[in-house]
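Enquirer: just to be clear, the model below is a prediction. Sequence and coordinates:
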Amino acid sequence: MPLLPETVSRVDDLVARAHAGGRVPVLAAGIVRDGVLQHVATGGLDGPVTGLQFRIGSITKTMTAALVLALRDEGKLALDDLLYRHLPGTPVGAVTIRQLLGHAGGVQREPDGDWWERASGVDVDTFLSTLTADKVAYPPLHGYHYSNLAYGLLGAMVARVGGEDWQSLLTKRLLGPLQLDRTTYSPAEPFARGYVVHPWLDELREEPRHDAAAMAPAGQLWSTVEDLARWAAFLAEPDPAVLAPATVTEMCAPVIVSDLDGWTAGHGLGLQLWRRGERVFVGHSGSMPGYLAILAVHRPSRTGVVAFGNAYTMRHAGGLSGFGLDLLGAVLDREPARVAPWRPREEPPAQIAPLTGRWWWMGQEHEVGWADGELVVTPLTTGRRAWRFAPDGPTADLWRGRSGDNDGELLRVVRDGEGGVVALDIATFVLSRDPWPAV
């Protein structure tokens, strides 16, 4: 369903105000919902924004992380492998892949040499040969320490494990299947030029656009509102042909909290996490000389924001990232997730029917239903979120939890001597038909 007219008006107003006060030549923002780019608002743009590229900076890291997880799903690596297992001889190899993805490995922020974002990069072999052991600044899990270098290392590892360079794998595994045709390694016209704005004269200086080479997996890519909206939609509702939905959910789970005082920010496997009130957004911010970008998604409502600015700074609380999170919050405040309509369901199979109905544990009532081939166990007394269980074998006696408190736990059907169902054993918590069973 399209956004409400008042929501569209509010988005347009917020973008116009942010552009006027932010001192960025061009500001472009898109709202994604239910897999569709619902609305685009711009400021400072004379022509169409359709197909116009901006540099996305560290949003590139989300795609590098997806490549790592895809290789993990294929059994080619494990997240708790130490790096030197896949990059033998590296002096920074005593950190795990999981720690590198979540910026929890203590690896320093940048590689040696000139500032890599504003200088031509070096090839992967040269990049690896210049590393020294002192690039690990802290012991792993000492605390959160954002590291671009970590993603250069992950890109090199992906190439070794995947048998092709990072760019080729990215195109084959993500960009091609998701039809991100305007997401490219180098800029392709039309693209917005990037600038630094003079702090008091409001003059512009165009920034160079260097090839990051070995550091490309940390921030090289260029994209458009339309393409980045598709990537946001994918993070909200993944295509199993590209990456398993459970894997994307795993990417969204916290690896480390980056804001220990307020617990408002953290990092998953390649994704930034932000808590705004009762909502958690996932995505990533991005910056390269002359460019800012933000991608933020609220997965429960399948709603997201993508935004670009073609200047290195933006006057807004939290910069462009803060604006993007504010914008997403404003949309959700006006359009909370729509309530799904009730639909009658199919009758469960004969062997499932005895499992359904009312069950009790310690005086607490539970309802077991059947939906989409799964058991749905709803704790009625406590009002907690329902647990879903999928079949875990050829019979109707074993089920594996896949949501809520019992995610991953085993439900066993307990039968009497005649095969009748007498209890449901969920990880030793035994539900019976009797609300007051004898001890």
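Expert: Everything's here; your move. Model, not experiment: these values are computed from the prediction.

Enquirer: C-alpha from now on. contacts and neighbour counts both.
Expert: Fine.

Enquirer: strands of the stretch 301-439 of the chain, start to end?
Expert: Taking DSSP state E, counting those that start in this stretch to define them, one finds strands in the stretch 301-439 of the chain at 303-309, 357-361, 364-371, 374-379, 387-391, 398-401, 410-415, 421-426, 429-432.

Enquirer: just name the most buried of those.
Expert: strand 303-309 (a mean of 31; mean count of other CA atoms under 10 Å).

Enquirer: list the strands paired with that one, with their directions.
Expert: According to DSSP bridges, strand 303-309 forms sheet pairs with strand 27-33 (antiparallel), strand 291-298 (antiparallel).

Enquirer: residue 92 is nearest to which of those strands?
Expert: Minimum separation from residue 92 across those (CA to CA) falls at strand 291-298, 30.0 Å.

Enquirer: could you dump that closest one to PDB, C-alpha only?
Expert: Output in PDB follows, covering the C-alpha atoms of strand 291-298 (Å, rounded to 0.1, in the frame of the first residue of the first chain):
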ATOM      1  CA  TYR A 291      29.700  12.000  -0.100                       C
ATOM      2  CA  LEU A 292      27.500  10.900   2.800                       C
ATOM      3  CA  ALA A 293      24.900   8.000   2.800                       C
ATOM      4  CA  ILE A 294      22.600   6.200   5.100                       C
ATOM      5  CA  LEU A 295      20.500   3.000   4.900                       C
ATOM      6  CA  ALA A 296      18.300   2.200   7.800                       C
ATOM      7  CA  VAL A 297      15.600  -0.500   8.000                       C
ATOM      8  CA  HIS A 298      12.900  -1.400  10.500                       C
END
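
Enquirer: and the chain, what are its domains?
Expert: 5-334, 353-432 (automatic domain parsing).

Enquirer: in TSV, list those along with mean pLDDT and distance to residue 347.
Expert: Shown next, in TSV, are those (pLDDT from 0 to 100; distance: least, CA to CA, whole Å):
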stretch	mean pLDDT	distance to residue 347
domain 5-334	95	27
domain 353-432	94	8
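
Enquirer: can you tell me how far residue 31 sits from residue 20?
Expert: Remark: distance between residue 31 and residue 20 (CA to CA, to the nearest Å) = 20 Å.

Enquirer: cool, residue 397 as well?
Expert: 63 Å.

Enquirer: ditto for residue 214
Expert: 37 Å.

Enquirer: hang on, the earlier thing: so for residue 117, which of the strands paired with strand 303-309 sits nearest?
Expert: strand 291-298 (11.2 Å).

Enquirer: got a list of contacts for the closest one?
Expert: 54-57, 59, 194-195, 228, 232, 235-236, 279-287, 303-313, 320-321, 324-325, 328 (CA atoms under 8 Å, 6 or more residues apart in numbering).

Enquirer: can you give me the buried ones in that strand?
Expert: 291, 292, 293, 294, 295, 296, 297, 298 (16 or more other CA atoms under 10 Å).
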